[in-house]
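Student: Attaching a predicted model along with its sequence, questions to come.
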Amino acid sequence: MTHCVQRFWRRPAIAAATMALFSTAGTASTAAHAGELQVTIHKLLPDQGTLLLALFATEQGFPDQPQPSQPQLKVPAKGEVVIATFRDVPPGRYAVMVVQDLNGNGRIDYNFVGMPREPYGASNNRLPALSPPKFEESLFQVTGDRSALTIELRRP
């Protein structure tokens, strides 16, 4: 029997088709349980710049260097409160980082001592005075079809 299995996996087309079938089966069930994450952002500078949001499932890149593969949103900072929605978010633990990009360079700017020069916030609103937000302190749970989160920005 082992000989048959080895011969099966030696045929690249059959092996690739089998792997594709198994990998899409898992994805389909995950997508069926994915929902929306609605993020309400308060205390922004109204009508200035763009809000950059990043959803982190791991500590890698948190808080200010999201990977291209991570879900990210770019939303105009219109009004005093903005609501942004991440779609197709599977249940799990996440952290969200928000930056109000005032100068349009696509990232947060820092002063000469390393403090942010633009408004920023993180999930759970735990923003230490002299250090960046910590991933573990920013984690929250996404469950069901719709989850909601409120973030208050800290102005420099």
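Tutor: Cool, got the structure.
Student: so how far is residue 143 from residue 95?
Tutor: From residue 95 over to residue 143 the distance is 16 Å, taken as CB to CB, to the nearest Å. C-beta coordinates here come from the backbone N, C-alpha and C atoms, glycine included.
Student: do residue 99 as well
Tutor: 26 Å.
Student: Looking at those two, which is more packed in?
Tutor: residue 99 (23 against 10; other CB atoms under 10 Å).
Student: So which residues make contact with the strand or helix carrying that one?
Tutor: Counting by DSSP states H and E, the element that carries residue 99 is strand 92-101. For strand 92-101, the surrounding residues in contact (CB atoms under 8 Å, 6 or more residues apart in numbering) are 37, 39, 41, 44-45, 48-57, 62-64, 66, 77, 107-108, 116, 118-123, 133, 135, 138-142, 149, 151, 153.
Student: Given that strand, what are its sheet partners and their directions?
Tutor: strand 50-56 (antiparallel), strand 120-122 (antiparallel), strand 140-142 (antiparallel) (DSSP bridges).
Student: Figure out which of these is closest to residue 103.
Tutor: With CB to CB as the measure, strand 50-56 is the member of those nearest residue 103 (9.8 Å).
Student: Could you dump the strands paired with strand 92-101 into a markdown table and include mean neighbour count and mean pLDDT?
Tutor: Below are the strands paired with strand 92-101 laid out as a markdown table (neighbours: other CB atoms under 10 Å; pLDDT from 0 to 100):
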| stretch | mean neighbour count | mean pLDDT |
| --- | --- | --- |
| strand 50-56 | 21 | 98 |
| strand 120-122 | 25 | 97 |
| strand 140-142 | 14 | 96 |
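Student: got TSV for those, with distance to residue 71 too?
Tutor: Below are the strands paired with strand 92-101 laid out as TSV (distance: least, CB to CB, whole Å):
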stretch	distance to residue 71
strand 50-56	4
strand 120-122	15
strand 140-142	11
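Student: Which one of those lies nearest to residue 85?
Tutor: strand 50-56 (9.8 Å).
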